[in-house]
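3D model of this:
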Amino acid sequence: MTPAEIISSFKSSNFDTPADANRFLTAAGQLDAATVLKLLEVLSARGATANAAVYHRRAAVFGALAAKTLDPNLFVPYVRGLKGADFTLKQTLSELIPKVQQPAQFGELSALLNQPDA
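Below is the predicted model of the structure:
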């Protein structure tokens, strides 16, 4: 699948069964950081949580895909994604952040954690 096909399929799929999710994960394969960030944008978009069940399944699929992309350049976007994220996305990003940690950017995480709504 091309990055555009992956993003389109991610947006349109409900991942109703584990088999659906597994088929998508297999077809998508290893993603580059840019595609992972586009998928994060889909999850962060206004209205993304309208159907909670579908949103939770998409977040799980995102987490599985993103866990295979260990690019340190994802550290800051993941940290910034925590702000304003719902519980499900915060949990997913919190599991991914240590895998892509970039010590030179820890100040970004520290600043977020010092905010009252973090």
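
packing partners of the longest helix anywhere in the chain?
Longest helix in the chain, counting residues (DSSP state H): helix 52-66. Identification of packing neighbours for helix 52-66 by 3 or more C-beta pairs under 8 Å, 6 or more residues apart in numbering; DSSP states H and E yields helix 3-12, helix 18-28, helix 33-44, helix 87-96. C-betas here are computed from N, CA, C, even on glycine.

same thing but 7 Å
helix 18-28, helix 33-44, helix 87-96 (3 or more C-beta pairs under 7 Å, 6 or more residues apart in numbering; DSSP states H and E).

flag every buried residue along the next helix-or-strand element following it.
Heading C-terminal from helix 52-66, the first helix or strand you meet, by DSSP states H and E, is helix 75-82. In terms of neighbour count (16 or more other C-beta atoms under 10 Å), helix 75-82 has its buried residues at 75, 77-82.

closest one of the residues you listed to I6?
In terms of C-beta to C-beta, no member of the buried residues of helix 75-82 lies closer to I6 than P77, at 17.4 Å.

picking up where we left off before, now the buried residues of helix 75-82 as JSON lines including pLDDT and distance to H56?
Shown next, in JSON lines, are these (pLDDT from 0 to 100; distance: C-beta to C-beta, whole Å):
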{"residue": "F75", "pLDDT": "92", "distance to H56": "24"}
{"residue": "P77", "pLDDT": "94", "distance to H56": "21"}
{"residue": "Y78", "pLDDT": "94", "distance to H56": "19"}
{"residue": "V79", "pLDDT": "90", "distance to H56": "22"}
{"residue": "R80", "pLDDT": "89", "distance to H56": "22"}
{"residue": "G81", "pLDDT": "90", "distance to H56": "16"}
{"residue": "L82", "pLDDT": "88", "distance to H56": "17"}
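
tabulate these in JSON lines, adding columns for distance to R46.
JSON lines is the format used below for the buried residues of helix 75-82 (distance: C-beta to C-beta, whole Å):
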{"residue": "F75", "distance to R46": "25"}
{"residue": "P77", "distance to R46": "18"}
{"residue": "Y78", "distance to R46": "20"}
{"residue": "V79", "distance to R46": "21"}
{"residue": "R80", "distance to R46": "17"}
{"residue": "G81", "distance to R46": "14"}
{"residue": "L82", "distance to R46": "17"}
